[in-house]
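>>> fold the following, please.
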Amino acid sequence: MKNFLKLFLLLFPLLLLTSCFDILDKVNVKADGTGEYTIILNASKSKTRLASISKMETINGKKVPKKSEIENKINEAARIFKATPGISNVKTSMDFDNYIIKLSCNFKKIENINAGLEQLKAKNILGKMIPTQIYSQNLQKKLLTRNKVNTFKEDYDKMGKADKEIFNNARYTSVMQFENAVKSQTNNAYLLAPNKKALKLEADILDLIFQKKQLQNTILFQ
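Numbers count the residues shown, from 1 in each chain. Predicted coordinates for the structure are as follows:
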């Protein structure tokens, strides 16, 4: 992967120096299509190792980002999101004791998130391989779609052994909450809550890279 520290994850390069991290991607959608988007990057399981790494200049031939550099990237991402039409109430939090970083915002329509991510990519906050056209919604047809994204397998295969190891225990969780109840979905890997108003997918990031689990899903509401 070219420019590896930017290529796979949003905002927090130190996560790429440990194989024990979690990503929570959460969206809450109301009946009128407005809602809230949140992404949380959590490396608290590796905080002791990361605390030691943060004192180093390089590791595995890569520059270790300083706290100030990470803060600058996150603040820049927040500024870009704030400037995206349809996005408001952008908030960030940074816990450098436990290595947990959070970004959240409200949207007028879920496609605003796609536009915000496109802007992050244009400003080189996101790497060029990061998918940005993640969601689409048709209120008239009562449909919300989690779009198909490209596999990273070809890029993963080109990586060195040390870089590949960072994904060994990495986990991804997608949570989608709704005001309306779900009638049906096309990807049953997503678990439906008993009240039919939430879906959850958990996966090893390697399973997503190798397409053993799929993110795409089309949800029909009652």
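>>> pLDDT below threshold where in the protein?
Counting by pLDDT under 70, the ranges of the chain that qualify are 1-19, 51, 53-54, 56-57, 59-62, 64, 126-130, 150-151.
>>> rerun at 80
Within the chain, the segments meeting pLDDT under 80 span 1-20, 45-67, 69-70, 121, 123-132, 149-156, 159-167.
>>> hey, which helix is longest across it?
Identified as the longest helix of the chain according to DSSP state H is helix 67-82.
>>> for that helix, C-alpha coordinates in CSV please.
Extracted C-alpha coordinates of helix 67-82, given in CSV (Å, rounded to 0.1, in the frame of the first residue of the first chain):
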residue,chain,number,x,y,z
LYS,A,67,0.6,13.5,19.6
SER,A,68,0.5,17.0,18.1
GLU,A,69,0.5,15.6,14.6
ILE,A,70,-2.4,13.3,15.4
GLU,A,71,-4.3,16.1,17.0
ASN,A,72,-3.7,18.3,14.0
LYS,A,73,-5.0,15.6,11.6
ILE,A,74,-8.1,15.1,13.7
ASN,A,75,-8.8,18.8,14.0
GLU,A,76,-8.3,19.2,10.2
ALA,A,77,-10.8,16.4,9.6
ALA,A,78,-13.3,18.1,11.8
ARG,A,79,-12.9,21.4,10.0
ILE,A,80,-13.4,19.7,6.7
PHE,A,81,-16.5,17.9,7.9
LYS,A,82,-17.9,21.2,9.3
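>>> and the helices in the chain, which stretches?
When assigned using DSSP H, the helices of the chain occupy the ranges 4-7, 47-53, 67-82, 111-122, 153-157, 161-165, 205-209.
>>> okay if I get those helices as a markdown table plus distance to Gln137?
Where you see a C-beta, it was placed from the backbone N, CA and C, and this is true even at glycine. Below are those laid out as a markdown table (distance: least, C-beta to C-beta, whole Å):
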| stretch | distance to Gln137 |
| --- | --- |
| helix 4-7 | 28 |
| helix 47-53 | 37 |
| helix 67-82 | 19 |
| helix 111-122 | 7 |
| helix 153-157 | 29 |
| helix 161-165 | 36 |
| helix 205-209 | 23 |
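>>> nearest to Thr218, of those?
For the helices of the chain, proximity to Thr218 was assessed by C-beta to C-beta; helix 111-122 is nearest, at 15.3 Å.
>>> and that closest one, what does it pack against?
Under the contact definition 3 or more C-beta pairs under 8 Å, 6 or more residues apart in numbering; DSSP states H and E, helix 111-122 sits against helix 67-82, strand 87-95, strand 135-138.
>>> buried residues, the last one. List them.
Yep, that's strand 135-138 we're talking about. Neighbour counts over strand 135-138 (16 or more other C-beta atoms under 10 Å) mark 135, 137 as buried.
>>> okay, now the sheet partners of that strand, with direction.
Applying DSSP bridges, strand 135-138 is found paired with strand 143-146 (antiparallel).
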